[in-house]
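J.: let's see this in three dimensions:
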Amino acid sequence: MKTMVPKDTIARVFQTCSFNNDSTRITESTLTVIEEYLEVFVREAVLRSVENKERVKEEDSNRLNNDLVLTHKDLESVSGLLLLDM
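T.: Below is the predicted model:
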């Protein structure tokens, strides 16, 4: 399976945003764990957004279109609880 966020990107984000000292390094095993965590986080966010969207769609029976389209607003609606659960 192809990774969602490359390890190089994860390492760069940590280096530029989290580490105060330029000599701080991150191990390959740490990058692997973070990569797996991000994959689970993104999958859970999408699944919760789909569930929420389908529930709202059932409540709003006046809609004519049966297509399910997720937007950033759908992700925003589940982000609070998702962050608390993770």
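
J.: give me the below-cutoff pLDDT ranges for the chain.
T.: Applying pLDDT under 70 to the chain flags the ranges 1-3, 58-66.

J.: the residue nearest in space to the middle of it: helix or strand, and which one exactly?
T.: The centroid of the chain falls nearest to V42 when counting by Cα atoms, centre = their mean (2.8 Å). V42 is part of helix 28-59, with elements assigned from DSSP states H and E.

J.: and that helix, what's buried?
T.: L31, I34, E35, A45, R48, S49, N52, K53 (16 or more other Cβ atoms under 10 Å). Any C-beta I mention is one placed from the backbone N, CA and C, and that applies to glycine too.

J.: assign the closest residue to the fifth one other than its chain neighbours to helix, strand or coil.
T.: Right, R48. Distances taken as Cβ to Cβ, 6 or more residues apart in numbering place V78 nearest to R48, at 4.2 Å, with adjacent residues excluded. Three-state call for V78 (DSSP: H, G, I helix; E, B strand; the rest coil): helix.

J.: V78 and N52 touch, don't they?
T.: Yes. With contact defined as Cβ atoms under 8 Å, V78 counts as touching N52 (5.6 Å).

J.: would you list the phi and psi of V69?
T.: Per-residue torsions, V69: phi -120, psi 120 (degrees, to the nearest 10).

J.: and the gap between it and K53?
T.: Between V69 and K53 the computed distance is 8 Å (Cβ to Cβ, to the nearest Å).

J.: over to Q15?
T.: According to Cβ to Cβ, Q15 stands 36 Å off from K53.

J.: just send the buried residues of helix 28-59 back as CSV, with distance to T9 too.
T.: Output for the buried residues of helix 28-59, formatted as CSV (distance: Cβ to Cβ, whole Å):
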residue, distance to T9
L31, 10
I34, 11
E35, 10
A45, 18
R48, 24
S49, 23
N52, 28
K53, 28
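
J.: which other residues reach stretch 34-43?
T.: With Cβ atoms under 8 Å, 6 or more residues apart in numbering as the contact definition, stretch 34-43 has outside contacts at T3, M4, V5, K7, I10, L82, M86.

J.: can you tell me which of the residues you listed is nearest T27?
T.: Using Cβ to Cβ, K7 comes nearest to T27 of the contacts of stretch 34-43, at 11.0 Å.
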